[in-house]
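[1] no FASTA, just this:
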C-alpha cells in the first residue's frame, strides 16, 4: 500500500495526533509480524492498553480484496505469535463497502471517521471513543453542589423543631433518635404540667368547702 495521498493526508494525521495524544505509539507502517510484512497508512500500538490500531486511507481507492487479505493476514499473524493485542481498523476518508466492513468485523474492531477537518475534533473523538480513555466530566460535582443548595433551601422552610431533627441527621441515627425523643417529650411535659395544676386547684377547692 502507498502512503496517504494529499486528499486525506491531513485527516490521517489528525487521527494519528489524537491517538498519540492519548498514549498510543506510532510504529513502522511496514510492520512485520511473524516474518510477514504488512503496510498501512499508519499503525499505532497502545501503551496503556493492548490495542493495535491500523489506519486505512480509503481515498486511495484501495482494492477491497487486497485490503481484506492484509487485515485478515495481520489478524492471523497476531494469533500465530500469541499476541495479546486486539486489532482495530480505522477507515479514514469515504466509507468502505458494507460487505468489506462486515467481513473485517470478524477479525477486528472496525471504526470509520470520514474525513475529519480542523473543526471536527469532537466528532473524531466520538468516532474513535472506544480507543480513548474514559473522560470523567465535572457533572457529578455540579449535581452534588446543586443538591446541597436545594437541601439548604428546603430545610430553611421547615419548622424550627424539624430543622433541628434534620441537623442531627448529620451526626447519625442515634442523634436523630435522641432529638426525636426530646421533641416528642415536650408536648407531654406540657400536658403533665397542666394536669398537675388541675389537681392542685382541685385540692384547694376541696379544702375550702365547708
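    On my side now, so go ahead. Owing to the predicted nature of the structure, the values given are computational and were not obtained by experimental measurement.

[2] got the domain boundaries for the protein?
    9-131, 139-208 (automatic domain parsing).

[3] sheet partners, orientation included, of the one helix or strand residue 110 maps to?
    Using DSSP states H and E, residue 110 sits in strand 109-114. If you go by DSSP bridges, strand 109-114 pairs up with strand 86-92 (parallel).

[4] next, the buried residues of the strand it pairs with.
    87-92 (16 or more other C-beta atoms under 10 Å). For every residue, glycine as well, the C-beta is placed using N, CA and C.

[5] neighbouring contacts of that strand?
    8, 11-12, 15, 41, 50-59, 71, 74-75, 78, 101, 104, 107-116, 128, 130-131 (C-beta atoms under 8 Å, 6 or more residues apart in numbering).

[6] Produce a ChimeraX select command limited to the buried residues of the residues you listed.
    Remark: buried members of these, expressed as a ChimeraX selection using 16+ other C-beta under 10 Å:
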select :8,11,12,15,41,51,52,53,54,55,56,57,58,59,71,74,75,78,104,107,108,110,111,112,113,114,115,116,128,131
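
[7] among the contacts of strand 86-92, which are in helices?
    Assigned to helices by DSSP state H, the following of the contacts of strand 86-92 qualify: 11-12, 15, 71, 74-75, 78, 101, 104.

[8] now, which of these sits nearest residue 164?
    Proximity of these to residue 164 (C-beta to C-beta) peaks at residue 15, which lies at 60.7 Å.

[9] please tell me how far the closest one sits from residue 59.
    From residue 15 over to residue 59 the distance is 13 Å, taken as C-beta to C-beta, to the nearest Å.

[10] repeat for residue 20
    As judged by C-beta to C-beta, residue 20 and residue 59 stand 21 Å apart.

[11] hmm, back to that, turn the domains of the chain into JSON lines, including mean pLDDT.
    Shown next, in JSON lines, are the domains of the chain (pLDDT from 0 to 100):
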{"stretch": "domain 9-131", "mean pLDDT": "89"}
{"stretch": "domain 139-208", "mean pLDDT": "64"}
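
[12] for those, which one ends up most surrounded?
    Mean neighbour count (mean count of other C-beta atoms under 10 Å) peaks for domain 9-131 among the domains of the chain, with a mean of 16.

[13] quick one, strands of this protein?
    24-27, 30-33, 36-39, 42-46, 51-57, 86-92, 109-114 (DSSP state E).

[14] nearest to residue 67 among the ones you listed would be which one?
    Of all those, strand 51-57 sits nearest to residue 67, with 6.6 Å by C-beta to C-beta.

[15] tell me which other helices or strands that closest one touches.
    On a contact count with 3 or more C-beta pairs under 8 Å, 6 or more residues apart in numbering; DSSP states H and E, strand 51-57 meets helix 9-20, strand 42-46, helix 64-80, strand 86-92.

[16] can you list the strands that it pairs with?
    Partners of strand 51-57 in the sheet, by DSSP bridges, are strand 42-46 (antiparallel), strand 86-92 (parallel).
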